[in-house]
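K.L.:
Coordinates only, no sequence provided:
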């Protein structure tokens, strides 16, 4: 009916691109940033597939490869959104870095909202100190885990 677009992806070409990006050791174009909290299992999935002599990517066994596939699909999505043509002086909203000066402090996961004003802590008791950001490659917050 045309209400859900279907894209036929050249997954082998996209996986070649991601593999190439993963091989970069210098921050810059096509360098992939990962937070420092990812477990080894993520990287095992990211690197599980191999390229065969026919140029196709495949799993050598029954191991998980979801991290690689999802990275490829995310890359395909941003290509479809036009990230290769972005004018970085005025990027679209989805491509902008967060404004760390306007980020609200996260609340602890176990804290429930209360209807009683006596059990609400003051804002100064829960407020985190945010670092100022002078570079596009600075962490989002002191506890961002290395995310940019």
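P.N.:
Sure, I can see it. All values derive from a computational prediction rather than experimental measurement.

K.L.:
Just the buried positions in the lengthiest helix in the chain, please.
P.N.:
Using DSSP state H, we find that the single longest helix of the chain is helix 66-80. Neighbour counts using 16 or more other Cβ atoms under 10 Å place 67, 68, 69, 71, 72, 75, 76 of helix 66-80 among the buried residues. Glycine gets a C-beta too; all of them are placed from N, C-alpha and C.

K.L.:
want to throw those residues into TSV with distance to residue 86 and pLDDT?
P.N.:
Compiled in TSV, these are given as follows (distance: Cβ to Cβ, whole Å; pLDDT from 0 to 100):
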residue	distance to residue 86	pLDDT
67	25	97
68	25	97
69	25	97
71	19	96
72	20	96
75	14	93
76	16	94
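
K.L.:
Closest one to residue 95 out of these, please.
P.N.:
Nearest to residue 95 among these: residue 75, at 13.7 Å, using Cβ to Cβ.

K.L.:
Now do the same contact list for residue 86.
P.N.:
92, 95 (Cβ atoms under 8 Å, 6 or more residues apart in numbering).

K.L.:
now do 6 Å
P.N.:
residue 95 (Cβ atoms under 6 Å, 6 or more residues apart in numbering).

K.L.:
mind listing the strands for the protein?
P.N.:
50-51, 57-58 (DSSP state E).
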